[in-house]
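In: test case, fold it:
(chains A and B)
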Amino acid sequence: MPCSLSWAQEATLDHITHAFEEGDAKALAEEAGSRVEVALLGGSTLYSRAQAQYVLQEFFRQYPPVSFSLERVSTTEGSTFANGDYYFGREERPLQVFLRLHPLGERQWEIREIRIEERFRE
Amino acid sequence: MKLASGALHLRFGDLVVAGILLVALLGTWGIRQVHVGRVQAHWQIQQDEVAADALTWISQQVDEQQQELLAEARLLVRDPDIIEMLRVYNRSQDREALASLVQRFDGLEFKERWSAELFDDSLRRVAWHGPSMPVDADASQILRAGSFRTALVQDSDWRKALAIWMPVQDGIRTIGALRVMVLVEVRTPIQNQYLRNFTLARQWRWDTGMPVQVHWGVPTVPEQTRESQVRLLHGLDGEVLGHVEVVPPDEALLIVQLQTRYNDVLSFWLVLLLGGGIAWVWSRYLRAASARPRPFKRRATWFVVTAVMGWGVRYGLLYFDIPARWQRDKAPLSPLFDPSHFASTLGGGILRSSGDFLLTALFALLFALGWLHLMSFFRRRVARLQGVQRPMVGARTSRWVGAGIASLGLAVLVIGGSWMVTVMARRAVLDSTLDYFARSGLLPEPLVIIVCCALLLVTLSVIGLAVGWMWLLIELALPLLLTAQKRWGGAAVGSAVLLIGAWAVRGNVPLEGNLFVGVVAGILGFSGWLAVRFIRNVDINQGLGMLTLRSVLPTVFFVSLLLYPLFYSGVEAQRRLRMVDAAETFDEGRDPRVIFAIEQLLQDLHGDADVRRQLRTGESLDSLATELLRGSLLTALGGYDVSLTMFDSLGVPVGRYDAAEQQLSRTTLDQSDALEFDILRRMYVDGGQPSVLVEQVTGRREPDRLQYEGVTHLAESGWVMARAEPQTLLQDGNTPFPRVLLPATFYGELAASLSMAEFYDGVLVRSFGRDFGRYRLDDAVLQTLRAHAEVWQKETVKERQYLTYYKRPSTNTESVIRAPGGIQVVAVRSPAVNVFDHLYYLLRLTVAGLCIGIPFNLFGLWSRYRLGQLPATHIRFRDKVLNAFLGVGIIAVAAVGLLGVQVVTGENERAVQSWLRQHLQDVEETLVLDAQGSEMPYRVLQRTGIDSVAARVGLDLNLYAGAELIASSRPQLVRERLIDPRLPIAAYQALYFDGYQFTYVEEQLGSFAYTAGYYALLDEEGAPRFVVSVPTLPEQERIEEERARTLAYLFGALLLLLLVVMGTASLLANALTRPIARLRVGLEEVAQGRFEQMLPVDTRDEIGELVQTFNTMQGQLAESRRQLAQQERQLAWREMARQVAHEIKNPLTPMKLSVQHLRRAYDDTTTGDGGVPPASRFTRLFDRVTNTLIEQIETLVRIANEFSTFARMPKRVLERLDLNTVVREAVDLMQAEAETEILLQLHPEPLVVEADHEELRRVYINLIKNALQALPEDQPGEVVVTTSPKPPLPIAAGTSGGFSYSTVQDTGTGISPELRDKIFQPNFSTKTSGTGLGLAITKKSLLELEGDIGFTTQEGQGTTFWLRLPLADRHL
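Out: All right, here's what the predicted structure looks like:
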């Protein structure tokens, strides 16, 4: 489904992409809401922004980034969804990253959900 | 050995240690560089080695696991009882033998995930223990094999187990087989706090530090590459069980891992070095603190250096990730540093995990203790200043300014400290996933205890800082406020101003205004009380005495009480946020994530040639569907029933894959499916054939809930339609969905803990949970919502308190389902916290605080024991009473608590069992009601089916025939292996062998424990034909909640009881000890000769009688003393008169003789004797006689003066004197005349007494003179004069405090025993000259000054006179 993004959405997604590429948990957490659901390879927990930063920092430490690319972005029911592939270490099979962003007014978006799952299909 | 090294003052030992550490640090770094260089040069070899080591280690793990299984198997197959019973059973199907085998296996104890099964000679399972697994196809071989066999057993996609088969042999004959297994992979359909996937591969990944994949049951090995290395996994019998694949680290990762290991060691040396550095700086501070004179500036400088270094080290530890780096991934301490439990960005990362928080709190405590040590400088000055009554002279203005600045500083410290504690407590809740207020027993979980302890330590540190600052303020302000009234007034005014300041800044604090002011007041009050308490000279003994349980417990409780509202505020904020989130998600039941997930799922199909081919050919569609769904967001979200339907290019269905059923059905679609597809296809075509079309439609099972459908067309191949339908809360059996089976998603967790409802135009249209019972919304609430979009309300529903959040969605979007124009309201309700809950949570916080308090108490015990103070020689009566009450209180509370827990738990279990039995009996009754004629219930069941019965009784039911599960009202749970398809051995034994018709078994679903009931339906012979079981899953939660709530209330009440006991103890102890204390004071007065003070009789008990008797005794003593005094006076007068007469007679006799001689001489001058002229003889004689007369008259005058001095009542001028000064003056005077040096050992601090300066000096002059005179002339002697606030040994026993003591000691001849009683008598003297009144006058003076005098003597060695005088401020 084609999707036209506002510049705010694009800016947020750029920041997110850069944060994943650099493994910068702090930058990623800055884009998150005060509470964000984080699911890392199963399970899912609601964290505060501060806690999510450290959880993601730990994730990047265990799975240091090699590259990240956003594959698909769409807007549904007022929320923006994005998914991408996260390559780490020497693994050829990337992890799938799902993001849900929620609008805060017209000029700002915040991450409400980050899910990182194993990919089973090429 | 000390080596002074300039200003460093380093000891030799310190240098050696520092040197060793530096060498270790540099050496480790050097070795690291060499090792890293070597690895860089040969990294491929290293890589191979690492991978080979990992693979070897994994193989060893598999072998070890098999060895364990084998050992267990051998133990069982060689058990003679098992062999015997199995033989008997094989021969004759003997029931007793079977029962014995079943009983034997029921009694086995295995580790988690283990199981064992015994088979007879026909490979029929006869006994088992643990989870069931299918029998592998070639199991029959074991009966022919002579020895064990390994196998990999698979139970669909859900479980895999490593198994050891072993034949059971009776001699050379094989009579059966045993299989012992351990689960190596367990997948659960949902993930939550109870249910988690388990794979050995994940565990090995943590252990080896590299990606590991285990392919069980895949005997072929892919090609080895540099990117991955593979090894086969063999059974102990050589059987290939599968293969393991590891991805070795690349060069960069190898280097990083190697460096990390060395860096872990380097960081250890660094910590030791930094610790040594801080210790050295602290020692410099202590040196500066003990130097004389003691300028505060120097102390403060070194303290600042220490503090800066200390906090620098703390942040340095953070930077180097110490100590987290040493515990990463290693149980049991790794959760301490796991940010998924707790992590806050507050303070730049010093709170980034529970462990870091605790470490920071310990640093804060050390800082506070150091600060107290520094500020004790002012405490001592305050102690000295306490007695000063003279107004300050000079520098008054600067002192006022200083006091003002100090007050401001105190305000900043207290308010700032309170703010910091408030923010920390709030973040501790909001930045964590810990459940602080769980109803999980008396003891919180360990991480909660850690965080609570950290907060308590930080609070104690803030209090410590405030205490130290208060000493400074008191030292500055005390001379400006001379009277007690002024001091209390100043304190009150200052506190009021501070609290007003706290009120003024409350807007910036994330806490309700009143609460924050309360916290500030609490910290201020407690700090003030401690500051004043410690001002009096508190030596180390008194300090340690405060670490008793009597002091520690109330302190811990008070600080917990202070912290509790802060905690609760955070928990309340968190609860409200959850309720707001829940309202958002409950709104219309929309989940836009699902739309995106379906889009992504369908779009992934485009461009995939394999998919097209499979669609065209229809081959391997189930594996296609599995792969599509596995790992998809749709599956990850959970909570939805997902199905994929595939169509050929003509739109004919080729198969439908149901994710829940995990199977592909090739039957044609039913009518509604066909209709849905048709509509979607037309919409797809009409929409211009986008790649994917996704729509929301009304649900099939629940029309009020939306479901999602998406469709995509793969050109020339066909169509794929995906549907996601929310899992209904009312499943097939019409029973509520238990929490244990809710996925751990955001939506799942919210759903589990709250009740939600949706109203439209005030009418309930949808609800979840038990707490919304009314079908109409309160009109008042509706009216409020018309004006406000959100309302928070505290409500009482059926005598239970709730907090409810009402929200009117602002968009008020037109609902697909509802008629437009109405007002929609979403409500979320949560049970309110009542008083007993508060008490319970406060108790848990206090229990956590005891983890700090008890170590302090133990430290105090150990220290007092080391100082020889235990067992104590003297215990105050009040403390004994308090100890007794405390002991009784704790024992009573503990006993009631333990008993209560037993009773409640026992009652709960009985209630559960009773419930289970009742419901199972209801099942039987239902069957009986449906019976036709004399049809047995089991036949009715056979006829009607389990689903129907389950629907009628409203319960989940499982049905067993023998030991096998044959039907279930929740077949999905059976398929997903959440319910084991075999009867538990305990139930099997009870029902089939022990003759019980009903039994219950404790079962486990993941980590969720529940009770299942089993009921046997008997056949015509009275033997069990079927077994019906009821799991208590949904009920278990309610039962557990009730039990938890009851226990919470019990513990809350126990805390109240303990507080009442402590309060009563304190009041009673005071009431008992007050009259005793008054009695003691009265006795002391009597001992000092004062009989005037009559004690009031306050009580009408034995203590009152004792006081009455004391008063009577006192009166009698006073009378006796008066009589004695009178007699003594008479005796003294007689003695004095005798002495005066005797003394006067002495000079009178020579006077008389002289006069007689003069008269004779005068007579001689008148007669003449012819030789010497008579006038000149008379002249000479006259001269001699008059001289004699004058001498004797002077003697009489002297005698008269001395008697006058003894007899008179001198006019004293009392003033506050430093005893040391008076002693020095006396010594200086006497030293001028003495040949021997008089040594002084005076107390370094002033000893202020109230006396006449001249009189007191005369006392010491007299004693020193006596001492000097006692020294023998023919050998050297010594006179020592001492002063002290403590009594010298001879009078140590029974002496109370508040006196000054001095001694005058000589090494003279001593006093013989016969003279000792007369020393203080008037006119007693061992000297030839003198009146013997000196010591009598001295004693009289001291007694009149409320002091005393005594002596100890040893003939030939010397005498020591001791004097006691009351200090000027004894009674303050």
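
In: quick check: which element contains residue B:919?
Out: For residue B:919, the element it lies in under DSSP states H and E is helix B:877-930.

In: that helix: how far from the chain's middle?
Out: Here the centre of helix B:877-930 is set off from its chain's centre by 27 Å, with Cα atoms, centre = their mean, to the nearest Å.

In: could you check the angle helix B:877-930 makes with the helix or strand that it is followed by?
Out: Next helix or strand after helix B:877-930 toward the C-terminus (DSSP H and E): helix B:937-944. In terms of direction (axes from the mean of the first three to the mean of the last three Cα atoms, to 10 degrees), helix B:937-944 departs from helix B:877-930 by 70 degrees.

In: export the next helix or strand after helix B:937-944 as CSV, just CAs?
Out: The element immediately downstream of helix B:937-944 (helix or strand, assigned by DSSP H and E) is helix B:946-953. Coordinates of each C-alpha in helix B:946-953 appear next as CSV, following Å, rounded to 0.1, in the frame of the first residue of the first chain:
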residue,chain,number,x,y,z
ILE,B,946,-17.6,-34.2,26.8
ASP,B,947,-18.2,-30.9,25.1
SER,B,948,-21.8,-31.0,25.8
VAL,B,949,-21.3,-31.9,29.4
ALA,B,950,-18.7,-29.1,29.8
ALA,B,951,-21.1,-26.6,28.3
ARG,B,952,-23.9,-27.6,30.6
VAL,B,953,-21.8,-27.4,33.8
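
In: hey, C-alpha coordinates of the next helix-or-strand element following helix B:946-953 in PDB?
Out: Past helix B:946-953, heading to the C-terminal end, the next element that is a helix or strand (DSSP H and E) is strand B:958-961. As requested, the backbone C-alpha atoms of strand B:958-961 are provided in PDB (Å, rounded to 0.1, in the frame of the first residue of the first chain):
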ATOM      1  CA  ASN B 958     -10.900 -33.600  30.300                       C
ATOM      2  CA  LEU B 959     -11.800 -37.200  29.900                       C
ATOM      3  CA  TYR B 960      -9.500 -40.100  30.400                       C
ATOM      4  CA  ALA B 961      -9.800 -43.800  29.600                       C
END
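
In: now do the strands in chain A.
Out: Counting by DSSP state E, one finds strands in chain A at the ranges A:32-40, A:45-48, A:65-76, A:79-88, A:95-104, A:108-118.

In: tell me which of those is the most buried.
Out: Sort these by mean neighbour count, taking mean count of other Cβ atoms under 10 Å in any protein chain shown, and strand A:45-48 sits at the top with a mean of 22. To be clear about C-beta, it is placed using only N, CA and C from the backbone, and glycine gets the same treatment.

In: ok, which of the strands of chain A comes nearest residue B:1340?
Out: Using Cβ to Cβ as the measure, strand A:45-48 is the one of the strands of chain A that comes nearest residue B:1340, at 80.6 Å.

In: which SSE is the closest residue to residue B:216 other than its chain neighbours in?
Out: Taking Cβ to Cβ, 6 or more residues apart in numbering or on different chains, and ignoring the residues beside it in sequence, residue B:216 has residue B:242 as its nearest neighbour in space, at 4.1 Å. Secondary-structure element containing residue B:242, defined by DSSP H and E: strand B:240-246.

In: and the very next helix or strand once past that strand, average pLDDT?
Out: Per DSSP H and E, the first helix or strand lying C-terminal to strand B:240-246 is helix B:251-290. Mean per-residue pLDDT for helix B:251-290: 90.

In: do the same with stretch B:1197-1216
Out: Averaging pLDDT residue by residue across stretch B:1197-1216 gives 72.

In: then stretch B:675-693?
Out: Mean pLDDT, computed over stretch B:675-693, is 80.

In: same check on stretch B:109-122?
Out: Per-residue pLDDT values over stretch B:109-122 give a mean of 91.

In: between the two ends of it, how far is it?
Out: 26 Å (Cα to Cα, to the nearest Å).

In: next one: stretch A:38-49
Out: Counting by Cα to Cα, the terminal residues of stretch A:38-49 are separated by 10 Å.

In: starting at the chain centroid, how far to that stretch?
Out: With Cα atoms, centre = their mean as the basis, the mean position of stretch A:38-49 lies at 12 Å from the chain mean.

In: hmm, back to that, show me the contact partners of the strand holding residue B:242.
Out: Strand B:240-246 is contacted from outside by B:51, B:54-55, B:58-59, B:62, B:150-152, B:162, B:201, B:204, B:208, B:210-222, B:228-235, using Cβ atoms under 8 Å, 6 or more residues apart in numbering or on different chains.

In: one more time with 6 Å
Out: Strand B:240-246 is contacted by residues B:51, B:54, B:58, B:152, B:210, B:212-219, B:221, B:228-235 when judged by Cβ atoms under 6 Å, 6 or more residues apart in numbering or on different chains.

In: pLDDT weak spots in the stretch 451-600 of chain B?
Out: Within the stretch 451-600 of chain B, the ranges that satisfy pLDDT under 70 run B:536-545, B:587-592.

In: apply 90 and report the result again.
Out: In the prediction, the stretch 451-600 of chain B carries residues with pLDDT under 90 at positions B:474-494, B:497-516, B:529-558, B:566-600.

In: show me where it has helices.
Out: Along the stretch 451-600 of chain B, counting by DSSP state H, counting those that start in this stretch, helices occupy B:484-504, B:513-533, B:540-545, B:549-586, B:592-603.

In: select, out of those helices, the one closest to residue B:437.
Out: With Cβ to Cβ, the closest approach to residue B:437 among those belongs to helix B:549-586: 5.4 Å.

In: any idea how far residue B:260 lies from residue B:269?
Out: As judged by Cβ to Cβ, to the nearest Å, residue B:260 and residue B:269 stand 15 Å apart.

In: out of these two, which sits in the more crowded spot?
Out: Summary of the neighbour comparison: residue B:260 and residue B:269, criterion other Cβ atoms under 10 Å in any protein chain shown, with residue B:269 having more neighbours (19 against 12).

In: pretty sure the more buried one sits against residue B:24.
Out: Yes - with contact taken as Cβ atoms under 6 Å, residue B:269 and residue B:24 are classed as touching, separated by 4.9 Å.

In: shouldn't residue B:183 be within a helix?
Out: No - according to DSSP: H, G, I helix; E, B strand; the rest coil, the state of residue B:183 is strand, so it is not within a helix.

In: is it bridged to anything, and to what?
Out: Applying DSSP bridges to residue B:183 yields these beta-bridge partners: residue B:161.

In: what of residue B:657?
Out: In this entry, residue B:657 is beta-bridged to residue B:644, residue B:664, by DSSP bridges.
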